[in-house]
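1. would you be able to build a 3D model of this:
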Amino acid sequence: MSDGLFDLMDLFNTSLDLGGIVSKIPHERYIDGIDQTGFLLADNGETARQVVFSYNQADFSALRWGEFKAYFMVQLFDQPFSNISMSTFAPVGVSPWVFDIYRDPKERLTRSNSDYEWAYGPVLQMQAAHAATFVKYPKKDIGLGIGGGGDPR
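-> As a prediction, this is how the structure comes out:
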């Protein structure tokens, strides 16, 4: 059992490696997958992924890094027990909300401004590096409109 990070997008690169056809990975477009063969097959394999990025439709919202999750945007509900159509997607403010999901798995208490202030540097660097990939690989309108989802590159 492991708590190493693995993203669905890693299946592409990992599958091509296991099939012996890594050369088929396209280089003219952005591929967010990471080869996780060693993580899956080695007895004590370590993940090759350091961070997983989360989106709400086409909007970046959070990242997971080790035991931490940092939110940049969150779903706000106007009424208790309302459904998602009665909510607003909004920025969290000046700094991301950081949760230690090992200590607080339900993400109920952010301790960003006390215990996890040290995490702002690495979290913001990872977010900036991810955002920089859109310079080389800009988002494309693939005709799905507002419900397009994910990272449409």
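2. need the distance between the two termini of stretch 3-18.
-> Stretch 3-18 has an end-to-end distance of 22 Å (CA to CA, to the nearest Å).
3. same thing with stretch 38-53?
-> 22 Å.
4. next one: stretch 55-66
-> The first and final residues of stretch 55-66 sit 18 Å from each other (CA to CA).
5. quick check: which element contains the most centrally placed residue in the chain?
-> Per CA atoms, centre = their mean, the C-alpha nearest to the average position across the chain is that of residue 53, at 1.3 Å. Following DSSP states H and E, one finds residue 53 within strand 51-56.
6. strands paired with that strand, and their directions?
-> Strand 51-56 has the following sheet partners, assigned by DSSP bridges: strand 59-65 (antiparallel).
7. test my guess that the residue nearest to the centre of the chain contacts residue 69.
-> No - the criterion here is CB atoms under 8 Å, and residue 53 misses it with residue 69 at 11.3 Å. C-beta: built from backbone N, CA, C; applies to glycine.
8. what about stretch 75-91, average pLDDT?
-> Averaged over stretch 75-91, pLDDT sits at 74.
9. before we move on, the earlier item: quick check: the residue nearest to the centre of the chain vs residue 127, distance?
-> Distance of residue 53 to residue 127, computed by CB to CB, to the nearest Å: 8 Å.
10. now the common contact residues for those two.
-> Common contacts of residue 53 and residue 127 (CB atoms under 8 Å, 6 or more residues apart in numbering): 60, 63.
11. can you give me the angle the longest helix anywhere in the chain makes with strand 51-56?
-> For the chain, the helix with the greatest residue count under DSSP state H is helix 120-136. Our comparison of helix 120-136 with strand 51-56, counting by axes from the mean of the first three to the mean of the last three CA atoms, to 10 degrees, yields an angle of 70 degrees.
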